[in-house]
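A.B. asks: following is a predicted model, sequence given first.
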Amino acid sequence: MHTRAAYGDYAMNDPILDEIRQYREAYAASFNYDLDAMYADIKKREDETKKRIQDLSSRTAQHALPCQSIDVAQASSLPVKRAS
């Protein structure tokens, strides 16, 4: 069961999240829901691509960029890039 925001009898479904959940379910089923096997597969794929997941847990808020305030009138005049 997955959590979804519910408003009365209306449940909000996000098609992107639904697609991710379907992929995750199929991936887990392909390994018979064996977490050790899934972990080994992920590590193997990581080694094959030579990419590493960066650990950001040691970063603190002081490393983050400060937020910029923006005038609402200015923001409403900014161009909006729409996905095609």
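C.D. replies: Good, I have the coordinates.

A.B. asks: quick one: pLDDT of Asp18?
C.D. replies: Note for Asp18: predicted pLDDT of 91.

A.B. asks: so which strand or helix has it?
C.D. replies: For Asp18, the element it lies in under DSSP states H and E is helix 15-30.

A.B. asks: list the buried ones in that helix?
C.D. replies: By neighbour count with 16 or more other CB atoms under 10 Å, helix 15-30 contains no buried residues. In short, each C-beta sits where N, CA and C put it, glycine included.

A.B. asks: which SSE is immediately downstream of it?
C.D. replies: Immediately after helix 15-30, counting by DSSP H and E, sits helix 35-49.

A.B. asks: and that next one, what's its mean pLDDT?
C.D. replies: Mean predicted confidence for helix 35-49 is 90.

A.B. asks: tell me the angle that helix makes with helix 15-30.
C.D. replies: Angle of helix 35-49 versus helix 15-30, following axes from the mean of the first three to the mean of the last three CA atoms, to 10 degrees, is 110 degrees.

A.B. asks: Ala26 and Ile20, how far apart?
C.D. replies: 11 Å (CB to CB, to the nearest Å).

A.B. asks: surely Asn13 is within a helix?
C.D. replies: No: read with DSSP: H, G, I helix; E, B strand; the rest coil, Asn13 is coil and lies in no helix.

A.B. asks: distance of it from Arg21?
C.D. replies: Using CB to CB, we find Asn13 at a distance of 11 Å from Arg21.

A.B. asks: all good on my end, thank you.
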